[in-house]
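Colleague: curious how this folds, go ahead:
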Amino acid sequence: MIESIKDVMTVSGATWVLWALISLSVISLAITVDRLRYFRRRRGDTTRLMADLHRALERSDLGIARALLDRSNSVAAAVVAAGLSRSAHGASAVKEALAAATGHERGKLERRLGFLGTVGNNAPFVGLLGTVIGVVGAFDAMGRGGSGSTLAPELVMGNIAEALVATAVGLVVAIPAVAMFNYFQGAITRMIDAAETLGHLLLSHVEGSEREPTRLGGGA
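Modeller: The predicted model follows:
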């Protein structure tokens, strides 16, 4: 059985591993470009939005507050808009709406990022597989040369070169994937933190309106 596996490895070589790594790299690049564009659209100026929203809520003008949130493409605006839509039902309903919207937005932000993480974690092992195949081929060539036939140095060196290239390509594919995965995770954390901060601003006004029933009534 071991001999059969060795024969398969030496016949197939490590070239297919290289093509697999190149394919993973192309897919990772496509996902990275797509996510960069999406994150750029969803970033928004949350600092200015917070100031404008605070002024609108202080005036109890829900119409202006909704307009501000609708004009923004940011994750924070989408989350707080969901909470604002439940403001008439009290702080508890707003909290639940904020939590649900946060989970929904996080899911959209994390879409396809799992692939980047998987490639980053496993591409070196795929490259290592190519290395093993190349080394097995080199030793097989050396074994055949020792059995009375002429050893072809170029065959042995070719297999060793394939082994080294596979390792290098695996690292080249993995390092950018890990870097971009970490970047996106950091960006998600910042966006969700901004949404939670803005959500707390809304909650503070809703809870205040429960103690002062005349608030948050105007402009609705």
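
Colleague: buried sites along the helix or strand hosting Ser23?
Modeller: Secondary structure from DSSP states H and E places Ser23 in helix 15-43. Within helix 15-43, the residues scored as buried using 16 or more other C-beta atoms under 10 Å are 17-18, 20-21, 24-25, 28, 31-32, 35, 39, 42-43. C-beta here means a position set from N, CA and C on the backbone, and glycine is covered the same way.

Colleague: now tabulate those in TSV and tack on pLDDT and distance to Arg55.
Modeller: Output for these, formatted as TSV (pLDDT from 0 to 100; distance: C-beta to C-beta, whole Å):
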residue	pLDDT	distance to Arg55
Val17	87	60
Leu18	87	59
Ala20	92	56
Leu21	93	54
Leu24	95	49
Ser25	95	49
Ser28	96	44
Ile31	96	40
Thr32	96	38
Arg35	96	34
Phe39	95	28
Arg42	91	24
Arg43	88	22
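
Colleague: of those residues, closest to Phe115?
Modeller: Nearest to Phe115 among the buried residues of helix 15-43, counting by C-beta to C-beta, is Ile31 at 6.0 Å.

Colleague: can you list the neighbours in contact with the helix or strand following the helix holding Ser23?
Modeller: Downstream of helix 15-43, the next assigned helix or strand under DSSP H and E is helix 46-58. Residues from elsewhere that reach helix 46-58 (C-beta atoms under 8 Å, 6 or more residues apart in numbering): 62, 64-65, 68-69, 72, 74, 76-77, 80, 194, 197-198, 201-202, 205, 216.

Colleague: what do you get if the cut-off is 10 Å, keeping everything else the same?
Modeller: The contact list for helix 46-58 (C-beta atoms under 10 Å, 6 or more residues apart in numbering) reads 45, 61-69, 71-72, 74-77, 80, 84, 87, 190-191, 193-195, 197-198, 201-202, 204-206, 208-209, 215-216, 219.

Colleague: what ranges do the helices span in the chain?
Modeller: Ranges of helices within the chain are 2-12, 15-43, 46-58, 62-71, 75-84, 91-109, 113-145, 153-211, based on DSSP state H.

Colleague: list the contacts for Ala97?
Modeller: Val79, Val80, Ala81, Ala82, Gly83, Leu84, Ser85, Arg86, Ser87, His89, Gly199, Leu202 are the contacts of Ala97 under C-beta under 10 Å, 6+ apart.
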